[in-house]
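Engineer: Just need the structure, nothing else, for what follows:
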Amino acid sequence: MKRKGLLSVILLFMIFTCSEGTNKTIESKREKAITSNFNSFIENAWNNKNMDSLRSVSGKDYIRQLNGINVAENLNELEANMNIYFNGFPDLKVTILNKTIKNNQLFAQWSFEATNTGIFGETPATGKHVVVSGYSELTFDNQFKIMHEKIYYNELQFLQQLGYTLNEPIVE
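Structural biologist: As a prediction, this is how the structure comes out:
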């Protein structure tokens with residue numbers, strides 16, 4: 001009788017241990033795929049301005065938000081949005097300072113450094129150098145492609161580095 005009880009405990013332990021190992025293997029594969037696609041997104045798409053790379057790591061219904069405002073709702077809009085930065089800051093460099101992956105989400109602290117030597121949106125070049133830190137939250141689909149990106153940074157700090165100032169409001 002004691003043998004059956006001991007065998008049952010050992011069998012349950014083996015089943016639990018094997019299934020836990022399988023879950024860790026799946027999680028490890030997911031993290032590797034997410035990390036690989038994210039690294040390609042930063043190094044190839046942003047730092048090397050490679051739009052083919054962007055398409056290979058992004059879902060077709062990609063959504064990008066900057067400080068809570070939708071700026072892209074598909075890949076064509078995303079490319080157009082990125083090109084605004086590429087035109088205004090040809091030497092831009094994004095550096096990842098820290099990143100964490102949880103399930104299908106990646107959280108990253110980053111730094112953007114560049115010199116405004118081209119037209120940025122509709123504004124002429126200022127020749128000013130900027131360094132901006134921010135935070136991104138990216139969600140990946142089941143094929144580990146980026147489907148949603150939320151970006152937060154201090155836009156006032158960015159604009160002040162370009163030479164813009166805030167004026168007090170006119171109160172009547």
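
Engineer: Just list the residues touching R55, thanks.
Structural biologist: L75 (Cβ atoms under 8 Å, 6 or more residues apart in numbering). For the C-beta atoms, the positions are set from N, CA and C on the backbone; glycine is no exception.

Engineer: isn't there a strand covering I101?
Structural biologist: Yes. Counting by DSSP: H, G, I helix; E, B strand; the rest coil, I101 falls inside a strand.

Engineer: Surely it touches E31?
Structural biologist: Yes. Using Cβ atoms under 8 Å, I101 is in contact with E31, at 5.1 Å.

Engineer: Out of the two, name the residue with the larger neighbour count.
Structural biologist: I101 (18 against 15; other Cβ atoms under 10 Å).

Engineer: How about the contacts made by that one?
Structural biologist: E31, I34, T35, F107.

Engineer: Report the helix or strand with the lowest average pLDDT across the chain.
Structural biologist: Ranked by mean pLDDT, DSSP states H and E, the weakest helix or strand in the chain is helix 2-40, scoring a mean of 72.

Engineer: Identify the residues contacting the helix or strand encompassing V131?
Structural biologist: Following DSSP states H and E, one finds V131 within strand 129-140. The contact list for strand 129-140 (Cβ under 8 Å, 6+ apart) reads 34, 37-38, 89, 97, 104-116, 146-154, 157-158, 161-162.

Engineer: Now do the buried residues in the helix or strand following the least confident helix or strand of the chain.
Structural biologist: Next helix or strand after helix 2-40 toward the C-terminus (DSSP H and E): helix 51-57. Neighbour counts over helix 51-57 (16 or more other Cβ atoms under 10 Å) mark S53, L54, R55, V57 as buried.

Engineer: Restrict the contacts of strand 129-140 to the buried ones and give me that as a ChimeraX selection.
Structural biologist: Entered in ChimeraX, the line below selects the buried ones among these, by 16+ other Cβ under 10 Å:
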select :34,37,38,89,106,108,110,112,114,115,116,146,147,148,149,150,151,153,162
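
Engineer: Looking at the contacts of strand 129-140, which are in helices?
Structural biologist: I34, N37, F38, Q157, F158, Q161 (DSSP state H).
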